[in-house]
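[1] just to be clear, the model below is a prediction. Sequence and coordinates:
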Amino acid sequence: MSNNIKRKDLFQGLGNIKKPEQWLEAAERLELRVCRGSKHPSTIRDPKKPNDTGRASLITVIPSHLHKMINQDIFKEILKFGIPEDDIWKALNMLK
């Protein structure tokens with residue numbers, strides 16, 4: 001999957017994302033369904049399945065502690081869901 005990433009320089013810079021809120025805000029900008037957790041990790045879900053809280057609607061989990069590899073995995077999962085790469089970068093405010 002990382003071979004399909006066009007903007008490898010930005011992909012390497014995903015380690016700069018330190019707060020889960022950055023992913024959750026980006027997901028909202030992408031019009032994905034965000035389920036914020038207080039005692040459990042937050043999730044990003046398919047907006048076309050509003051009543052589904054199971055695995056079928058799950059796009060990715062956003063843990064409370066982030067690092068470069070976790071951020072890259074989150075990016076890949078959103079990309080795999082079908083969101084265009086440049087749209088993800090724009091939602092993360094990493095591309096104008």
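    Here it is on my side, so go on. As the structure is a computational prediction, the values presented were derived from the model and not from experiment. Residues are numbered from 1 along each chain as shown.

[2] helices of the chain, residue ranges please.
    8-12, 20-29, 68-81, 85-91 (DSSP state H).

[3] got those helices as TSV, with distance to residue 54 columns?
    Glycine gets a C-beta too; all of them are placed from N, C-alpha and C. Converted to TSV, the helices of the chain look like this (distance: least, Cβ to Cβ, whole Å):
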stretch	distance to residue 54
helix 8-12	30
helix 20-29	18
helix 68-81	16
helix 85-91	24
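
[4] just put those in CSV and tack on mean neighbour count.
    Below are the helices of the chain laid out as CSV (neighbours: other Cβ atoms under 10 Å):
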stretch, mean neighbour count
helix 8-12, 13
helix 20-29, 18
helix 68-81, 17
helix 85-91, 17
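
[5] which of these sits closest to residue 49?
    Among the helices of the chain, helix 68-81 comes nearest to residue 49, with 11.9 Å by Cβ to Cβ.

[6] before we move on, back to that, would you mind giving the helices of the chain as CSV with mean pLDDT and distance to residue 49 added?
    Formatted as CSV, the helices of the chain follow (pLDDT from 0 to 100; distance: least, Cβ to Cβ, whole Å):
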stretch, mean pLDDT, distance to residue 49
helix 8-12, 96, 28
helix 20-29, 98, 15
helix 68-81, 97, 12
helix 85-91, 98, 20
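
[7] so which of these gets nearest residue 56?
    Counting by Cβ to Cβ, and looking across all of the helices of the chain, nearest comes helix 68-81 at 12.6 Å.

[8] and the closest one, how far out from the chain middle?
    6 Å (Cα atoms, centre = their mean, to the nearest Å).

[9] contacts for that helix?
    Under the criterion Cβ atoms under 8 Å, 6 or more residues apart in numbering, residues 1-2, 4-5, 11, 14-15, 17, 23, 27, 30, 32, 44, 46, 59-60, 62-63, 85, 88 lie in contact with helix 68-81.

[10] any idea how far the nearest residue to residue 96 once chain neighbours are set aside is from residue 25?
    The shortest distance from residue 96 to any non-neighbouring residue, by Cβ to Cβ, 6 or more residues apart in numbering, is to residue 90 (7.5 Å). Distance of residue 90 to residue 25, computed by Cβ to Cβ, to the nearest Å: 12 Å.
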